[in-house]
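Student: Test case, fold it:
(one chain, ligands or ions: 1)
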Amino acid sequence: MPIIDVAALKKVYPIAIKEPGLKGTLNHFFRRQYRNVEAVRQVSFQIEPGEVVGFLGPNGAGKTTTLKMLTGLIHPTSGVVKVAGQVPFRRAPDFLQQITLVMGQKQQLLWDLPAMDSLRINGAIYGLSDRTFRDRVSELATMLDIADKLKQPVRKLSLGERMKAEMLAALIHQPKVLFLDEPTLGLDVNAQVAVREFLKEYNRRYEATILLTSHYMADITALCDRVLLIYQGELIYDGGLDGLLNRFAPYREVKVELAQDADVGKLAQYGEVETLAGCTASLIVQRADLTETVSRMLADLPVQDLTVTDPPIEEVIGRVFQAGAVA
Ligand SMILES: Nc1ncnc2c1ncn2[C@@H]1O[C@H](COP(=O)(O)OP(=O)(O)OP(=O)(O)O)[C@@H](O)[C@H]1O
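Tutor: Numbers count the residues shown, from 1 in each chain. The predicted structure is shown next:
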């Protein structure tokens, strides 16, 4: 049975329009006019317990709006949402015990106080006993490698340490469903890797379900087998990462190192020459022609090394969002 069940979900935001100048201000005051922004349109998907799903889309596609509906922060205009068998917007205590929402660009920890003080507040809100609180903090702090930082004011923590402490605060009640909106935003590569590894472990240890948005494709490739792709409020892809590449990037990149300097004209017989520097080159080859092309290259050219890779996912997503590719 799915733990997240979304059917024909829609959110329309009415936005007040104001003309410039004094007349515009008066009109705005007495006869306010609105236009509708359809942030999410007829989105449907289901997620099973324990899945880690990437939620991708360009800026303004509707990701945060969807996460807000899934966590009950805003009411859908229409459609059905159920998370852990509950209607999120009712915000029932039993529902709130089972979920968490982490937003990379917002913080819940109090700036001037040690993280431990904020954790205690959260522990009290969720009704944890002293013993459970201590055990949870100890377990999560060890997993996050942040135990020695919890007693100093949050403002003195590095960005990466702060994010780890935020994560601890968001997970103190041991939720089963995690909604993460850009959890690694702005972190350096080491901190990104640490947060990713932690999420992997949390998912494994507690069989938690995770729906995650990120602009860093490394987060998605490291954590998610399945991705949802949203574009202009509509779900345009729901499936495996591999399938996404097959559908939107029907080509692969062949990097080749030759025994002598290569010639563009000659290499162009095998594919589109992307880069060429001395004896190393990179070619774009259609997936369908790959086996035959690589065999020809190995037979015809003095190949010393040859690797075939998928194009970076950033590039694939970029292609998807070009109007033509989406249609
Ligand atoms: N409170 C609001 N009132 C009016 N319009 C809104 C509101 N929140 C979001 N929108 C609009 O709804 C659309 C979807 O926004 P949303 O924040 O869900 O996108 P997103 O995919 O999360 O983008 P990003 O990756 O930039 O965070 C955008 O056009 C945005 O301007």
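Student: Pick out the residue nearest the middle of the chain.
Tutor: Nearest to the geometric centre of the chain sits Thr213, at 2.0 Å (Cα atoms, centre = their mean).
Student: Does that residue touch Glu182 like I think?
Tutor: Yes - judged on Cβ atoms under 8 Å, Thr213 makes contact with Glu182 at a distance of 5.9 Å. From N, CA and C alone the C-beta is placed, and that goes for glycine too.
Student: Which positions in the stretch 51-200 of the chain make contact with the ligand?
Tutor: Gly57, Asn59, Gly60, Ala61, Gly62, Lys63, Thr64, Thr65 (Cβ under 6 Å from any ligand atom).
Student: Of those residues, which belong to helices?
Tutor: Secondary structure defined by DSSP state H assigns Lys63, Thr64, Thr65 of these to helices.
Student: Would you mind putting those residues into JSON lines with neighbour count and distance to Thr280 alongside?
Tutor: Putting these into JSON lines (neighbours: other Cβ atoms under 10 Å; distance: Cβ to Cβ, whole Å) gives the following:
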{"residue": "Lys63", "neighbour count": "23", "distance to Thr280": "39"}
{"residue": "Thr64", "neighbour count": "19", "distance to Thr280": "42"}
{"residue": "Thr65", "neighbour count": "22", "distance to Thr280": "45"}
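Student: can I get those in JSON lines with pLDDT?
Tutor: Shown next, in JSON lines, are these (pLDDT from 0 to 100):
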{"residue": "Lys63", "pLDDT": "94"}
{"residue": "Thr64", "pLDDT": "94"}
{"residue": "Thr65", "pLDDT": "96"}
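Student: Need the three-state assignment for Leu229.
Tutor: Put simply, Leu229 is strand when judged by DSSP: H, G, I helix; E, B strand; the rest coil.
Student: again, but for Lys82
Tutor: Assigned by three-state DSSP, the conformation of Lys82 is strand.
Student: show me the contacts for it.
Tutor: By Cβ atoms under 8 Å, 6 or more residues apart in numbering, the residues touching Lys82 are Ile4, Asp5, Val6.
Student: What segments of the chain are strands?
Tutor: Assigned by DSSP state E, the strands in the chain fall at 4-17, 33-47, 52-56, 78-83, 99-103, 177-181, 209-213, 226-231, 234-240, 251-258, 272-277, 280-286, 303-309.
Student: List the neighbouring strands of the second one plus their orientation.
Tutor: This means strand 33-47. If you go by DSSP bridges, strand 33-47 pairs up with strand 4-17 (antiparallel).
Student: avg pLDDT for the strand it pairs with?
Tutor: Across strand 4-17, the average pLDDT comes to 94.
Student: Give the buried residues for it.
Tutor: Neighbour-count burial for strand 4-17 flags Ile4, Asp5, Val6, Leu9, Lys10, Lys11 (criterion: 16 or more other Cβ atoms under 10 Å).
Student: could you dump those residues to CSV with distance to the ligand?
Tutor: Formatted as CSV, those follow (distance: Cβ to the nearest ligand atom, whole Å):
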residue, distance to the ligand
Ile4, 17
Asp5, 20
Val6, 14
Leu9, 12
Lys10, 12
Lys11, 8
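Student: between the residues of the stretch 51-200 of the chain next to the ligand, which is closest to Arg32?
Tutor: Closest approach to Arg32 among these (Cβ to Cβ): Thr65, at 22.6 Å.
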